[in-house]
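Visitor: Prediction below, plus the sequence it came from.
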Amino acid sequence: MKRIFGAVMAMTLSVMLAGGAMVIGFYHLEVSRAEEALATFDAARADRIYGHLEETLEIGRHIPWILETVREELQVRRSRLSYLRQDYAAILKKTAGTGEDEKTLSPALRFIRANARYRSITGKQNREQVIRDLGQSIRDYAKVIETDPTFIDAAFNYEYLVTLRDDIADGRRSLRIRHPDAPTSLDRMKAVHGEEGAEPGAKVRQQMKILVPKEGDENPIKQGPEPGKGSATKKRG
């Protein structure tokens, strides 16, 4: 009886592992299709692929020990895509977790959320709201650094926002925050090769000067036949 039970458990475990391997293979195939769409700046198609993957991987909630890592990576990929499309509201909505969900955010996803919250500040909010939003982004950066001390970008952004928040609170900076390095939206890119070039202006005809090489014993100062026009040498006999 114990042997039968052990065999059934082994078969069940093998089937579950095989199913997980198939799902992971399907995931990588779909991710490659999404990356191909991003290479041609088709952000809408990439987002549809990621959305379909997200629905498919919902089964991972029942077996988190197999697909949890894959689901987290997909969430980071889709949030990064939303950030490139400047859809900051979508990022803040999807990452608005509480309790245990808030604690389980990966450093990469928390970093993207902090960036999105900062980018969403337009200056139309009042001073208290701007300072509160900056404080939330600062706390996210601090949590990222606490989890991963090698995350240099989070450390840089943390120091920058702390200085910015203090300047706004003291009235040294205006509420309208400029984002000079805001990422260009993928939806507004024209082509994979950039903007189309134009024909050059007025074409100037170039005059070429041809130089005829001279022999070593030819002196251009002395009068004589031009190079290459001497008489042919006659052979004796």
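Guide: Arrived safely.

Visitor: hey, let's count contacts and neighbours off CA atoms from now on
Guide: Noted.

Visitor: and residue 113, how many residues sit next to it?
Guide: 29 (other C-alpha atoms under 10 Å).

Visitor: Just the C-alpha atoms of the strand or helix carrying it, please, in CSV.
Guide: Using DSSP states H and E, residue 113 falls within helix 107-119. As requested, the backbone C-alpha atoms of helix 107-119 are provided in CSV (Å, rounded to 0.1, in the frame of the first residue of the first chain):
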residue,chain,number,x,y,z
PRO,A,107,12.6,46.1,-5.6
ALA,A,108,12.3,46.6,-9.3
LEU,A,109,8.5,47.0,-9.2
ARG,A,110,8.7,49.4,-6.2
PHE,A,111,11.3,51.4,-8.0
ILE,A,112,9.0,51.8,-11.0
ARG,A,113,6.1,52.8,-8.8
ALA,A,114,8.2,55.5,-7.1
ASN,A,115,9.3,56.9,-10.5
ALA,A,116,5.7,56.9,-11.8
ARG,A,117,4.4,58.7,-8.7
TYR,A,118,7.1,61.4,-9.1
ARG,A,119,6.3,61.7,-12.9
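
Visitor: I'd like to check what contacts that helix. Which residues are they?
Guide: Helix 107-119 is contacted from outside by 75-76, 79-80, 83, 88-89, 91-92, 95, 133-134, 136-138, 140-141, 143-144, 147-148, 154, 179, 182, using C-alpha atoms under 8 Å, 6 or more residues apart in numbering.

Visitor: residues of stretch 141-156 that come out buried?
Guide: Of the residues in stretch 141-156, 141, 142, 143, 144, 145, 151, 154, 155 count as buried by neighbour count, 16 or more other C-alpha atoms under 10 Å.

Visitor: Thanks a lot, catch you later.
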